[in-house]
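# structural data only, the sequence is not supplied:
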């Protein structure tokens, strides 16, 4: 599993914090070039730069290679979400649904709701809005201090 030092990651994070989308790809690619060509984290960040600038087609290959190269658990999950979103945006919501459905069964962490949200978007693209809404309401219900029971009931009813 590929790792990076904190200075390298800080420099990547600084690119995005700078907000100059026109230079994301160039700057991230430059920093990524400091690592081996098939370094998982570098591939993930190169995909992210393309994704952030609207080049989802360009991002897909980097994300797929990053996953194949092996990312730590947190980055792996982020990469799955971003890859699925890119699939959806390039017109392949079926692959997004498959990827995110599998992801829902893998682990549970602070990205669970993001997995559900992106899955709901892909389901909507497939004409399965009620299913996506039910998942979304179910995820939201866990955050409510009031109305939780009602919301979860309605989510189950929709499903």
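Great, that's in hand. This one's a predicted model, so the numbers in the text were calculated from it and none came from an experiment. Numbers count the residues shown, from 1 in each chain.
# output the below-cut-off pLDDT ranges for the chain.
1 (pLDDT under 70).
# how about the helices of it, start to end?
Counting by DSSP state H, the chain has these helices, from start to end: 6-18, 24-32, 40-52, 56-69, 73-89, 93-104, 112-125, 129-141, 148-158.
# and the angle for the shortest one with helix 56-69?
Spelled out, that is helix 24-32. Put simply, helix 24-32 runs at 20 degrees to helix 56-69, going by axes from the mean of the first three to the mean of the last three Cα atoms, to 10 degrees.
# got the buried residues for helix 24-32?
Neighbour-count burial for helix 24-32, counted by 16 or more other Cβ atoms under 10 Å, picks out 24, 25, 27, 28, 31, 32. Backbone N, C-alpha and C define where each C-beta goes, glycine included.
# same check on the third one?
Residues of helix 40-52 classed as buried under the neighbour-count rule (16+ other Cβ under 10 Å) are 40-52.
# any chance of TSV for the residues you listed, columns distance to residue 76?
Output for those, formatted as TSV (distance: Cβ to Cβ, whole Å):
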residue	distance to residue 76
40	9
41	11
42	15
43	12
44	9
45	14
46	16
47	13
48	13
49	18
50	18
51	16
52	19
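# among these, which one sits closest to residue 58?
residue 50 (4.0 Å; Cβ to Cβ).
# for that closest one, what are its contacts?
25, 56, 58, 59, 62 (Cβ atoms under 8 Å, 6 or more residues apart in numbering).
# can you do 6 Å?
Neighbouring residues of residue 50 by Cβ atoms under 6 Å, 6 or more residues apart in numbering: 58, 59.
# cool, and residue 100?
With Cβ under 6 Å, 6+ apart, residue 100 has these contacts: 84, 115, 118, 119.
# how close does it get to residue 83?
10 Å (Cβ to Cβ, to the nearest Å).
# likewise residue 28?
Separation of residue 28 from residue 83 (Cβ to Cβ): 17 Å.
# also residue 150?
For residue 150, the distance to residue 83 - Cβ to Cβ - is 35 Å.
# out of these two, which sits in the more crowded spot?
residue 83 (26 against 11; other Cβ atoms under 10 Å).
# right, I'll leave it there.
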